[in-house]
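In: Give me coordinates for this.
(one chain, ligands or ions: 1)
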Amino acid sequence: MSNWFHTVTIETAPILEKIKEHPFIIKLMDGTLSKEVFQFYVNQDSLYLSEYKKTLAMLSIKCAAAKDTRFFLDAASGIIDVEDELHQIFLDKENFNTEPSPSCELYTSYMSRIVNNHSLEEGLAVILPCFTIYKEIGDYILANQTNKDNNPYQNWIQTYASEDFANAVNSAIEITNRYAEKAPKEVLQKMDIAFIKTSKLEWLFWDSAYNKETWKI
Ligand SMILES: Cc1ncc(CO)c(N)n1
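Out: This next block holds a predicted model:
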């Protein structure tokens, strides 16, 4: 198989559509998303990113090629900058909740489990939707919004529709496709499962923020 990512993207297209139709994204795009919901999201996203960077660093040391290790280490340290920038702007430090929501816990734990206990290829697949879905959504919002000048969430939107982020996404896809080219069919199937599940978790993460998900007990 020459382009694993292309094939799995076709398979996950309905999930991406559902994300675009989610009220969180619709309201983020038109600027009517409540500040409370966005706060909840940024709070949880900060907890998410702080785990995600560790997972990327862990994945980096499993790559045989030094340039791939460097890419994931750079991405991990880039996340520290994103955490600092976006979260300084949007995060309400006094009301910061240090407990991950069930969906946040599920998402970060799932990625960490796959990266730590499974093959490199599955690890590459499991962390990829975090890049590719945010790129899709960033571009989608920017292309469809009519209120770029007065959307309170424009900085957030701009980050994920930026050229820097696009370059990082392309590199992550290229690396994953390169390892997939040499992978046997059984491994490719496991890569699909990991990618599809994380794509669903992306939807779940937005949905959980929109509903300000709590632990039921
Ligand atoms: C949940 C989630 N997925 C992906 C990204 C993009 O890095 C993010 N900030 N948060």
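In: show me where this protein has helices.
Out: All helices of the chain, identified by DSSP state H, fall at 4-21, 23-30, 35-60, 66-90, 102-117, 120-144, 154-160, 163-181, 185-210.
In: Just list what the second one packs against, helices and strands only.
Out: Spelled out, that is helix 23-30. helix 35-60, helix 120-144, helix 154-160, helix 185-210 (3 or more CB pairs under 8 Å, 6 or more residues apart in numbering; DSSP states H and E). (Glycine included, C-beta is placed from N, CA and C.)
In: how about those in a markdown table, adding mean neighbour count?
Out: Supplementary listing: the helices and strands packed on helix 23-30 in a markdown table, determined by neighbours: other CB atoms under 10 Å:
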| stretch | mean neighbour count |
| --- | --- |
| helix 35-60 | 19 |
| helix 120-144 | 21 |
| helix 154-160 | 17 |
| helix 185-210 | 19 |
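In: Next, see if stretch 204-217 gets close to the ligand.
Out: Yes. Stretch 204-217 comes into contact with the ligand (CB under 6 Å from any ligand atom), by way of residue 205.
In: how distant is that stretch from the center of its chain?
Out: Averaged C-alpha coordinates place stretch 204-217 at 17 Å from its chain's average position (CA atoms, centre = their mean, to the nearest Å).
In: next one: stretch 24-39
Out: The gap between the average C-alpha position of stretch 24-39 and the chain average comes to 18 Å, counting by CA atoms, centre = their mean.
In: And the contacts of that stretch?
Out: 19, 41, 90-92, 95, 137, 140-141, 144-147, 150-153, 156-157, 206-207, 209-210, 212 (CB atoms under 8 Å, 6 or more residues apart in numbering).
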